[in-house]
Every structure is written in C-alpha cells, then in structure tokens.
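Q: got a structure for you, letters missing:
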C-alpha cells in the first residue's frame with residue numbers, strides 16, 4: 001500500500017516508515033506482486049481474456065492455415081499450374 005498509494009515510493013522510505021529492513025520490504029513486495037499475479041490469472045482463467053484462450057485461438061488459426069496449405073499446395077512451377 002505504501003509503495004503505490006503514498007509518497008513512500010522507495011524501498012528505503014518504506015523501510016523507515018515500517019521499521020523493517022530493506023530486504024524484508026523487498027521480499028514482501030515481491031511476494032505481494034506474485035500473489036496479485038496469481039489472483040489476476042485465476043480471475044481471467046476460462047474467459048476470452050485469458051492467455052490460454054488467446055493461445056488456443058492463435059493455434060487454431062495456424063492449424064487451419066497449414067491444413068489448407070497441405071490440402072491445396074501452391075504450385076511451384078507453371079507446369080504444375
């Protein structure tokens with residue numbers, strides 16, 4: 001909260017306000033970011049906004065492209081045309 005919603009933006013300033021070592025401040029912020037990332041990922045999982053859904057859609061597009069390419073290959077020469 002101090003890092004993002006107050007004027008205490010440096011690790012040193014947060015350390016002084018909370019009376020914790022700078023290393024502890026850094027590790028707790030890292031842990032909080034990790035928890036936030038997991039929570040956001042869980043929130044979007046299974047929705048069209050999820051990374052998995054985007055990757056599946058992209059994979060499907062490329063699979064369709066290659067399927068068409070193999071079924072109807074582009075002629076390489078005029079004789080094949």
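A: That came through, no problem. Please read all numbers here as calculations on a predicted model, not as lab measurements.
Q: low pLDDT regions in this protein?
A: 81 (pLDDT under 70).
Q: and the residue nearest the centre of it?
A: Taking C-alpha atoms, centre = their mean, the centroid of the chain lies closest to residue 51, which sits 7.0 Å from it.
Q: which positions in the helix ranked longest in the chain come out as buried?
A: Longest helix in the chain, counting residues (DSSP state H): helix 22-44. Neighbour-count burial for helix 22-44, counted by 16 or more other C-beta atoms under 10 Å, picks out residue 25. Glycine gets a C-beta too; all of them are placed from N, C-alpha and C.
Q: ok, the residue nearest to the centre of the chain - contacts?
A: Shown in contact with residue 51 (C-beta atoms under 8 Å, 6 or more residues apart in numbering): 41, 44.
Q: could you check how far it is from residue 34?
A: Separation of residue 51 from residue 34 (C-beta to C-beta, to the nearest Å): 17 Å.
Q: next: residue 79.
A: 61 Å.
Q: may I have the phi/psi pair for residue 53?
A: Phi and psi for residue 53, reported as degrees, to the nearest 10, are phi -70, psi -40.
Q: try the one 3 residues further on
A: Torsion angles at residue 56 (phi, psi; degrees, to the nearest 10) stand at phi -60, psi -40.
Q: could you look up the SS state of residue 73?
A: coil (DSSP: H, G, I helix; E, B strand; the rest coil).
Q: could you check the angle the strand or helix carrying residue 67 makes with helix 22-44?
A: Per DSSP states H and E, residue 67 falls inside helix 51-71. Orientation of helix 51-71 against helix 22-44 (axes from the mean of the first three to the mean of the last three C-alpha atoms, to 10 degrees) gives an angle of 60 degrees.
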